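1. Build me a model from this:
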Amino acid sequence: MNMLLLGSIWDAQIWYAVPLIVVISLVYGGTRHEHLKEIVGHSVRAAIWLIVFLGIIFALVWWANMQV
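-> Predicted structure coming up:
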């Protein structure tokens, strides 16, 4: 594994996804529920789902890039 590539991940623009995931999860949870406890619980589940989904896409693109 190329350590330079792993080091560049920390400086990548992918970190812009973190506030987007938080905001999307909170808005999605807020549109489904009215009570704060339910909104937070739904937001956490939505955030985990988004992180896993984006992580799979990132891994596929990274793997495809390594094959070239």
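2. hmm, which helix or strand of this protein has the shakiest average pLDDT?
-> helix 3-10 (a mean of 61; mean pLDDT, DSSP states H and E).
3. Next secondary structure after that one?
-> helix 17-32 (DSSP states H and E).
4. buried residues in that next one?
-> Judged by neighbour count (16 or more other CB atoms under 10 Å), helix 17-32 contains these buried residues: 21, 25, 26, 28, 29. C-beta coordinates here come from the backbone N, C-alpha and C atoms, glycine included.
5. Same check on stretch 29-47?
-> Using 16+ other CB under 10 Å as the test for burial, stretch 29-47 gives 29, 39, 42, 43, 46, 47.
6. Would you confirm that the second one contacts residue 26?
-> Yes. With contact taken as CB atoms under 8 Å, residue 39 and residue 26 are classed as touching, separated by 7.2 Å.
7. so what's residue 48 up against?
-> Neighbour list for residue 48: empty [criterion: CB atoms under 8 Å, 6 or more residues apart in numbering].
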